[in-house]
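Pasted the sequence and its predicted model underneath.
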Amino acid sequence: MGWNLRRSLAALGMSVLVVAGLPWLGPGSPSWADEKPQEVIPGEEATAEAAGYVGSDFCASCHEGYEEKLAETPHGRSGFGALSSRGCESCHGPGSLHVEDPEIVTNQPRLYALPAKEQNAVCQTCHEGSNRFFWQGGRHETRGLSCLSCHSVHSYEVEKGQLNAVNETEQCFTCHQDVRAETWKTSHHPIREGKMSCSDCHNPHGSQSDKMITAASVNEQCYSCHAEKRGPFLWDHPPVRENCASCHTPHGSNHLKLQKTSVPYLCQQCHSNTRHPGTLYDRSTLADGTRPSNRDFSRACLNCHGAIHGSNHPSSPYLAH
């Protein structure tokens, strides 16, 4: 079959598909002008009218208690009316239709009734940039969370004008139950004591780094507190330079120093067939326990290799002090 014939058949096929999709335009057939207008759902006709603003005082006359709660938040204390003369209606929209008929479903000014994307758009009219720059496409945003999933606009526990560390952490734990369990292990960062909060390491609004950490890498995040581990060292430990999480777990561990497992087993995950045998018992060590192996005593490998993060000893490339 020639190229011209195939092209002609293809054009004919497309014409048939287009004609088949159109209504029959013969005598007596309905035209677009003859179509009946769509039926208006009760209540929706109100949205066609321009709603007006009624003022925060009018809102407070029915919604008692919210004005006092709002006064304890940054929205109230910083003169929220100065940011916008609309007050409550800055976020909830004009309320005249709601005042006239509170049962109008299409004009309920409750932010919780809106989809998450629309809730976020309301908050982002003021709260853009800064640590919220990476919210779009971030882990929380893509999982359908909204600002109201974590924040209470009208009230929250106040300590020096901000959420205190305990309350902030409890908010995160409502979803991250596995992390809550880890913080109760023997070795842990002082999270449950309230000396640290999740946002000291993570940005809940999104970041370019893995796990929404606030630094460019895991090591940079750890070095923000553990600067003595940064180096540079004359003799460094490659796994330390690569990733602190190779040996440590950040939220909690039942081993010392947040280690993933205890030494010597932690060390032997990499150093299994080097100068020291990988077994706890060898020909110089009796299996009956009368002469326990040095790798199962006290700090094990760290008895000799104490500068595990790096050493500046001029004659000790094996991480001795």
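Received, thanks.

Name the nearest residue to residue 144, ignoring sequence neighbours.
Distance criterion C-beta to C-beta, 6 or more residues apart in numbering; nearest residue to residue 144, sequence neighbours excluded, is residue 116 at 5.4 Å. Where C-beta positions appear, they are placed from N, C-alpha and C, glycine not excepted.

helices and strands around whichever helix or strand residue 98 is part of, which ones?
Here residue 98, judged by DSSP states H and E, is contained in helix 96-100. Applying 3 or more C-beta pairs under 8 Å, 6 or more residues apart in numbering; DSSP states H and E, we find helix 96-100 packed against no helix or strand.

helix, strand or coil for the closest residue to residue 299 other than its chain neighbours?
Nearest-residue entry for residue 299: residue 263, 6.8 Å, with adjacent residues in sequence omitted and distances by C-beta to C-beta, 6+ apart. Secondary structure assignment for residue 263 (DSSP: H, G, I helix; E, B strand; the rest coil): coil.

List the first helix or strand encountered after the helix or strand bottoming out on mean pLDDT in the chain toward the C-terminus.
Lowest mean confidence among the helices and strands of the chain (mean pLDDT, DSSP states H and E): helix 3-20, at a mean of 44. Remark: after helix 3-20, the chain's next helix or strand is helix 56-62, criterion DSSP H and E.

Give the next helix or strand downstream of that following helix.
Next along from helix 56-62, by DSSP H and E: helix 66-71.

just checking, what packs against that following helix?
helix 56-62.

Does anything pack onto the helix it packs on? Which helices or strands?
By 3+ C-beta pairs under 8 Å, 6+ apart, helix 56-62 packs against helix 66-71, helix 89-92.

now, of the ones you listed, which is deepest in the fold?
helix 89-92 (a mean of 19; mean count of other C-beta atoms under 10 Å).

Output the contacting helices and strands for that helix.
helix 56-62.

count of neighbours near residue 95?
The number of residues packed near residue 95 is 23, by other C-beta atoms under 10 Å.

shouldn't it be in contact with residue 59?
Yes. If you go by C-beta atoms under 8 Å, residue 95 and residue 59 touch, sitting 6.5 Å apart.

Common neighbours of those two, please.
By C-beta atoms under 8 Å, 6 or more residues apart in numbering, residue 95 and residue 59 have these common neighbours: 88-89.

For residue 70, give me its contacts.
So residue 70 contacts 76, 80, 153-155 (C-beta under 8 Å, 6+ apart).

Render the CA-only coordinates of stretch 191-205 in PDB, please.
Provided in PDB are the C-alpha atoms of stretch 191-205 (Å, rounded to 0.1, in the frame of the first residue of the first chain):
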ATOM      1  CA  ILE A 191      13.600  15.700  73.100                       C
ATOM      2  CA  ARG A 192      11.200  14.300  75.700                       C
ATOM      3  CA  GLU A 193      12.900  16.500  78.300                       C
ATOM      4  CA  GLY A 194      11.900  19.600  76.300                       C
ATOM      5  CA  LYS A 195      15.500  20.700  75.600                       C
ATOM      6  CA  MET A 196      15.200  20.000  71.900                       C
ATOM      7  CA  SER A 197      12.300  20.000  69.500                       C
ATOM      8  CA  CYS A 198      11.800  18.400  66.100                       C
ATOM      9  CA  SER A 199      12.300  21.700  64.300                       C
ATOM     10  CA  ASP A 200      15.800  22.000  65.600                       C
ATOM     11  CA  CYS A 201      16.800  19.500  63.000                       C
ATOM     12  CA  HIS A 202      13.800  19.300  60.600                       C
ATOM     13  CA  ASN A 203      11.800  21.900  58.700                       C
ATOM     14  CA  PRO A 204       8.200  20.700  58.600                       C
ATOM     15  CA  HIS A 205       7.400  23.100  55.800                       C
END
